[in-house]
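# Here is a sequence with its predicted model. Questions after.
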Amino acid sequence: MLTPDYLLHVADDAVKLYAKLENAIIKDIVRRLKSTNFEMTESAKFQIQIAQEARYAI
């Protein structure tokens, strides 16, 4: 049987990985915007759209 403590922490690693991915995407969007003097590129638009669909806080 699964213990309450196990169930409480079973998703911790997945949550950490998801947060790391979210940060990487945000950093890449910012990098793209900075390289174009903050003009929106098609790549940045696409990344923002995908992030919003994934419910990231962008």
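Now that the structure is in, tell me what you want to look at.
# thought Met40 was touching Leu33?
Yes. Between Met40 and Leu33 there is a contact under C-beta atoms under 8 Å: 7.2 Å. C-beta here means a position set from N, CA and C on the backbone, and glycine is covered the same way.
# which stretches of this structure form helices?
In the chain, the segments counted as helices under DSSP state H are 4-9, 12-35, 42-53.
# now these in a markdown table, with mean neighbour count?
Shown next, in a markdown table, are the helices of the chain (neighbours: other C-beta atoms under 10 Å):
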| stretch | mean neighbour count |
| --- | --- |
| helix 4-9 | 9 |
| helix 12-35 | 12 |
| helix 42-53 | 13 |
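# Now tabulate those helices in TSV and tack on mean pLDDT.
As requested, the helices of the chain are exported to TSV (pLDDT from 0 to 100):
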stretch	mean pLDDT
helix 4-9	93
helix 12-35	92
helix 42-53	89
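# Give me the spatial nearest neighbour of Ile25, chain neighbours excluded.
Ala51 (5.5 Å; C-beta to C-beta, 6 or more residues apart in numbering).
# List the contacts of the one you found.
By C-beta atoms under 8 Å, 6 or more residues apart in numbering, the contact list for Ala51 reads 22, 25-26, 29, 58.
# now do Leu33
When contacts are counted by C-beta under 8 Å, 6+ apart, Leu33 touches 39-41, 44.
# Recalculate using a threshold of 6 Å.
Residues in contact with Leu33 (C-beta atoms under 6 Å, 6 or more residues apart in numbering) are Ala44.
# Give me the pLDDT for the residue sitting furthest away from the middle of the chain.
Most distant residue from the mean C-alpha position of the chain: Met1, 33.6 Å away (C-alpha atoms, centre = their mean). pLDDT recorded at Met1 is 87.
# same check, this time on the one 10 residues further on
What the model reports as pLDDT for Ala11 is 96.
# ok, for the residue nearest the centre of the chain, nearest residue in space, not its chain neighbours?
Closest to where the C-alpha atoms of the chain average out (C-alpha atoms, centre = their mean) is Glu22, at 1.4 Å. Nearest residue to Glu22, sequence neighbours excluded (C-beta to C-beta, 6+ apart): Tyr56, at 5.0 Å.
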